[in-house]
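Q: Quick one, structure for this:
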Amino acid sequence: NLLDLVSHSYLDSAAGDSPQISYADLESRHAGLIALTGGVTGAVGRLLLEGQRPAAEDLLLRLAKIFDGRLYIELMRHGLPEEEQIEPVLIELAYAHNLPLVATNEVFFADKGMYEAHDALLCVAEGTTVSRADRRRVTAEHYFKSPAEMRELFADLPEAIDNTLVVAR
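A: Residues are numbered from 1 along each chain as shown. Predicted coordinates:
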């Protein structure tokens, strides 16, 4: 199902668009899959950032129905204001609808020492300069964290860390 969905997302998306699938595709090809909500860049997170909590909650419930018992509300902590803005609402929705939390970390480089090099590579890839304020950026926290670092980062939500093992299994 995962391979079918990925193939479908690339083959059926318009040229120049990001690969995408419909909810109908998810409804027909969800067996055997686990879903995460995607943090601030996922559909639920984006709706919350736009101030559309009712729509975000409706979508979350739709996904929970599709991925019955296999949907996790994803939390990330890279120090981004958007993450801090929606995290309390995501936690509230998780508890209100008995959905598990999972802690994740979006990784762009191996360790903190590679942050500046990665930042420069982003500039090269986008044809811009480091001094430009309006360019794509990630934080120094987008490195590959150890299990101990993740446990410390999410010490207030140990179940979110424990669920990373559930997902991995």
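Q: In terms of helices and strands, where is the nearest residue to I21 once chain neighbours are set aside?
A: Excluding the flanking residues, the one nearest I21 by Cβ to Cβ, 6 or more residues apart in numbering is S9, at 4.8 Å. For glycine as for every other residue, the C-beta is placed from the backbone atoms N, C-alpha and C. Remark: S9 resides in helix 2-11, with elements defined by DSSP states H and E.
Q: Now do the longest helix anywhere in the chain: which elements does it pack against?
A: Using DSSP state H to define each element, the chain has its longest helix at helix 81-96. In this structure, helix 81-96 packs against helix 43-49, helix 53-66, strand 71-76, strand 101-104, with contacts taken as 3 or more Cβ pairs under 8 Å, 6 or more residues apart in numbering; DSSP states H and E.
Q: Of the ones you listed, which is nearest C123?
A: Using Cβ to Cβ as the criterion, the shortest distance between C123 and the helices and strands packed on helix 81-96 is 23.4 Å, found for strand 71-76.
Q: just checking, V102 touches A168?
A: No: look at V102 against A168 with Cβ atoms under 8 Å: they stay out of range, at 10.1 Å.
Q: Same drill for those two, tell me which one is more crowded.
A: V102 (26 against 7; other Cβ atoms under 10 Å).
Q: List the contacts of that one.
A: Under the criterion of Cβ atoms under 8 Å, 6 or more residues apart in numbering, the neighbours of V102 are 36, 72-75, 160, 163-164, 166-167.
Q: between those, which is nearest E149?
A: Taking Cβ to Cβ as the measure, E149 lies nearest T164 of the contacts of V102, at 12.7 Å.
Q: follow-up on the earlier one: and the two most separated of the contacts of V102?
A: Using Cβ to Cβ, the pair of the contacts of V102 lying farthest apart is L75 and V166, separated by 14.6 Å.
Q: So which of these two has more stuff around it?
A: For the pair L75 and V166, the greater number of neighbours falls to L75 (24 against 12), based on other Cβ under 10 Å.
Q: My read is that that one contacts V40, right?
A: No: here L75 does not reach V40: they are 10.2 Å apart, not a contact under Cβ under 8 Å.
Q: Which residues are in contact with each of the two?
A: Jointly contacting L75 and V40 under the rule Cβ under 8 Å, 6+ apart are E83.
Q: Right, I'll leave it there.
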